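S.K.: Sequence first, then the predicted structure, then my questions.
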Amino acid sequence: MPSKLYVGNLAYSVSNDDLHELFSQAGQVQSATVITDKFSGQSKGFGFVEMTTAEEVAQAISQFNDTDLKGRNIKVNEARPRESSFGGGNRDRNSGGGGGGGGGASRGRNRW
């Protein structure tokens, strides 16, 4: 069963291929993905690596956590499941904020 790693503190120049090449030293890499901004394409500075076994994940963490990759010390941890954006917590969607205010004309600006 594949296991997933979170890799943080990546230099913006790190590519999917760089991650794949590095982590293949610890075992078989199923996938390696640097997360990018969907509009600019710029790296967000973190990514995920999926490996074949839990043993390879443990090896990768001990081998690469806090080591240099392209000038930055990367952080390598076992990835946690993504938290749902619904439910959970004690957040009340109807409270706080005050928000908005109505439409109306151009509030003090002359548009003509």
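M.R.: On my side now, so go ahead. Residues are numbered from 1 along each chain as shown.

S.K.: Per-residue pLDDT of the residue sitting nearest the centre point of the chain, please?
M.R.: What sits nearest the mean C-alpha location of the chain, by Cα atoms, centre = their mean, is Phe46, with 4.7 Å. On the pLDDT scale, Phe46 is placed at 98.

S.K.: Same question for it, what's its three-state structure.
M.R.: Three-state call for Phe46 (DSSP: H, G, I helix; E, B strand; the rest coil): strand.

S.K.: and the residue lying closest to it once chain neighbours are set aside, bridged to which residues?
M.R.: If the residues on either side of it in the chain are set aside, Phe46 comes closest to Gly8, at 4.5 Å by Cβ to Cβ, 6 or more residues apart in numbering. Where you see a C-beta, it was placed from the backbone N, CA and C, and this is true even at glycine. Beta bridges link Gly8 to Phe46, Lys75, judged by DSSP bridges.

S.K.: for the protein, what are the low-confidence residue spans?
M.R.: Within the chain, the ranges that satisfy pLDDT under 70 run 1-2, 85-112.

S.K.: just so I have it, where are all the helices in it?
M.R.: Remark: helices assigned in the chain by DSSP state H are 16-23, 54-64.

S.K.: before we move on, the earlier item: ok, the residue nearest to Phe46 - how many residues close by?
M.R.: Residues near Gly8, counting by other Cβ atoms under 10 Å, number 14.
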